[in-house]
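[1] Let me see the structure of the following:
(one chain, ligands or ions: 1)
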Amino acid sequence: MGSVLVFIDVPSLPLPRASRELLALAATIGTPAVASPQPLSEDAAAELAGYGVQRIFEPSQPLPEVLVAAKAAFLAEAVRAAAPDAVLLGNSFEDREVAARAGVKLGSGVITDAVAVAPDLAVTKSVLAGSYTSTCRVETGVPIITVKANSVEPAERGAAGSPERGLVTVPETGPAAVVMERSEKRVSGRPELSEARVIVAGGRGLDGDFGPVEELADLLGGAVGASRAATDAGWIEHSAQVGQTGKTVSPQLYISAGISGAIQQKAGMQTAKVIVAVNKDADAPVFEIADFGVVGDVFKVLPQAAEEIRKRRA
Ligand SMILES: Cc1cc2nc3c(=O)[nH]c(=O)nc-3n(C[C@H](O)[C@H](O)[C@H](O)COP(=O)(O)OP(=O)(O)OC[C@H]3O[C@@H](n4cnc5c(N)ncnc54)[C@H](O)[C@@H]3O)c2cc1C
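    So this is what the prediction gives:
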């Protein structure tokens, strides 16, 4: 059994669920190793060992602030040093870009949007707006695979240990572009949309008032999503848009409220495990893919659902 190199950027403690999912998946294929583009504390390394990580690769010098180019160069060198059977990354925009650039440097095939990876490295992904499931395999170089959040159960933590640590020298990469300024995004306290296990999404049916959607999302510890009609109207920020030209999400639960269910919306959410739709029109297309449907007014149904949840928790 060979090793599987997992790219984990800044592992905060405790290790986020998305990273633990990648480590769990890696362990089903081989021995997990980690490529961390940031130097790790002893505690972080010990925690990674608790998830079965035997080797950690870090850059020998801090990486320059050149967007993702340096991270990709580091990952390529870490792959050369680790000689893994496969490389796993998350499926965020940044991770996919790192994967693509590292793939070019290594002459390796890259598969994105994976929802499963078999021990023989056959990769399952959902394609064409989720209407087909395809199985594919990298034929050239070390397979580099980006995996959607919530695709596997996260690894359980075992005893901490001290993994072998290797420093990787990263060749000069830039600066082709430099970061001039950073401003922190307003913190909502809600989980990141593409990693959330619960999403409550609203559409034009909310008529500008996302209050009921936000209330239900907060009660369920979920993220708030939206249709393009709602983001275009300026009722909520564009980063909340789910769909073909927005985010692709795969939560355990997706509650669609006042959204008709156009094909471009479905493209981003139909791989959700359970879909609950609330719409006052019984013929709305969203009911074709919903596991549970409520024909009713969002302004009555969502507050009632919130009330019931509160009552049961009391
Ligand atoms: C190239 C392209 C890309 C696109 N990308 C995206 C994308 O990424 N994401 C996306 O979402 N769309 C996308 N769209 C737009 C998409 O085609 C739809 O226009 C959009 O999804 C409609 O949003 P909606 O369902 O909120 O609005 P509508 O289609 O207007 O539906 C509103 C729904 O709310 C219901 N409703 C109204 N009032 C209530 C109430 N009080 N209670 C309950 N239900 C109520 C209505 O019955 C209706 O079904 C794209 C379109 C194109 C052409």
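[2] Next, the residues that contact the biggest helix by length in the chain from outside, please.
    Using DSSP state H to assign secondary structure, the helix with the most residues in the chain is helix 298-313. For helix 298-313, contacts defined as Cβ atoms under 8 Å, 6 or more residues apart in numbering pick out 200, 202, 205-206, 209, 212-213, 215-216, 219-220, 257-258, 278-280, 294. (Each C-beta comes from the backbone N, C-alpha and C, glycine too.)
[3] Spell out which parts of the stretch 151-300 of the chain neighbour the ligand.
    203-205, 227-230, 241-246, 258-260, 262, 264-265, 268, 278-281, 284, 297-299 (Cβ under 6 Å from any ligand atom).
[4] so of the contacts of helix 298-313, which ones are in helices?
    Among those, the members falling in helices (DSSP H) are 212, 213, 215, 216, 219.
[5] domains in the chain, as residue ranges please.
    Each domain of the chain is listed here as a residue range: 3-168, 193-313, per automatic domain parsing.
[6] Of the contacts of helix 298-313, keep whichever come out buried.
    Buried by 16 or more other Cβ atoms under 10 Å: 200, 202, 205-206, 212-213, 215-216, 219-220, 257-258, 278-279, 294, out of these.
[7] Point out where the stretch 1-150 of the chain drops to low pLDDT.
    For the stretch 1-150 of the chain, the stretches flagged by pLDDT under 70 are 1, 11, 129-130.
[8] let's see it at 90
    Counting by pLDDT under 90, the stretch 1-150 of the chain contains low-confidence ranges at 1, 10-17, 62-69, 92-93, 126-133, 149-150.
[9] need the strands for it, in chain order.
    For the stretch 1-150 of the chain, the strands defined by DSSP state E, counting those that start in this stretch cover 3-7, 31-35, 55-59, 86-89, 110-117, 123-127, 132-136, 144-147.
[10] Report all helices and strands that the second one contacts.
    For strand 31-35, the packing partners by 3 or more Cβ pairs under 8 Å, 6 or more residues apart in numbering; DSSP states H and E come out as strand 3-7, helix 17-29, strand 55-59, helix 69-82.
[11] Could you rerun that using 7 Å?
    On a contact count with 3 or more Cβ pairs under 7 Å, 6 or more residues apart in numbering; DSSP states H and E, strand 31-35 meets strand 3-7, strand 55-59, helix 69-82.
[12] next one: the third one
    The contact analysis (3+ Cβ pairs under 7 Å, 6+ apart) places strand 55-59 against strand 31-35, helix 69-82, strand 164-168.
[13] if you compare these, which one is most tucked away?
    Neighbour counts (mean count of other Cβ atoms under 10 Å) averaged over each of those peak at strand 31-35, with a mean of 26.
[14] Now tell me what touches that strand from outside.
    The list of residues contacting strand 31-35 from outside it, by Cβ atoms under 7 Å, 6 or more residues apart in numbering, reads 1, 3-8, 23, 26, 48, 52-57, 75, 78, 82, 84.
[15] one more time with 8 Å
    Counting by Cβ under 8 Å, 6+ apart, 1-8, 11, 23, 26, 48, 51-57, 74-75, 78-79, 82, 84, 87, 168 sit against strand 31-35.
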